[in-house]
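>>> What would the 3D arrangement of this be:
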Amino acid sequence: EQLGASHPDTLGSVYNLAGCLQKAGRVEEATSLFRRELEGCAASLGDEDKGTIFSARNLVLLLDQTEGTEEARQLRARFRL
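Predicted coordinates:
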């Protein structure tokens, strides 16, 4: 059985891998995967979903630490963080 890129289990795996990469210091790769996971959540669950907002908040925190302030600002506005 194939789950597809936007299946919740797939997105959860992407999120977990991104977290591992972040802990390993591979922040650029982690950020890319966190973005992918967030957009997947937003597409399948909507911007107002608690899981989507949780993902957005985590990406914003990472961007704040890595000088991605403009993208973080845009995400705060989009997801009302």
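>>> List the buried residues for the longest helix along the chain?
Using DSSP state H to define each element, the chain has its longest helix at helix 27-45. Residues 27, 30-31, 33-35, 37-38, 40-42, 44-45 are the ones in helix 27-45 that count as buried (16 or more other Cβ atoms under 10 Å). From N, CA and C alone the C-beta is placed, and that goes for glycine too.
>>> Pick the one among those residues closest to Ala56.
Taking Cβ to Cβ as the measure, Ala56 lies nearest Leu38 of these, at 5.7 Å.
>>> okay, the closest one: pLDDT?
Reported pLDDT at Leu38 in the predicted model: 97.
>>> again, but for Gly68
83.
>>> which residues of this protein score low on pLDDT?
Scanning the chain for pLDDT under 70 picks out 1.
>>> where do the helices sit along it?
Using DSSP H, helices in the chain cover 8-23, 27-45, 50-65, 69-79.
>>> Could you dump the ones you listed into JSON lines and include distance to Gln2?
Shown next, in JSON lines, are the helices of the chain (distance: least, Cβ to Cβ, whole Å):
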{"stretch": "helix 8-23", "distance to Gln2": "9"}
{"stretch": "helix 27-45", "distance to Gln2": "15"}
{"stretch": "helix 50-65", "distance to Gln2": "22"}
{"stretch": "helix 69-79", "distance to Gln2": "29"}
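>>> one step back: so what touches the longest helix of the chain?
Outside helix 27-45, the residues within contact range by Cβ atoms under 8 Å, 6 or more residues apart in numbering are 5-6, 8, 10-11, 14-15, 17-19, 21-22, 49, 51-52, 55-56, 58-59, 62-63, 66, 68, 75.
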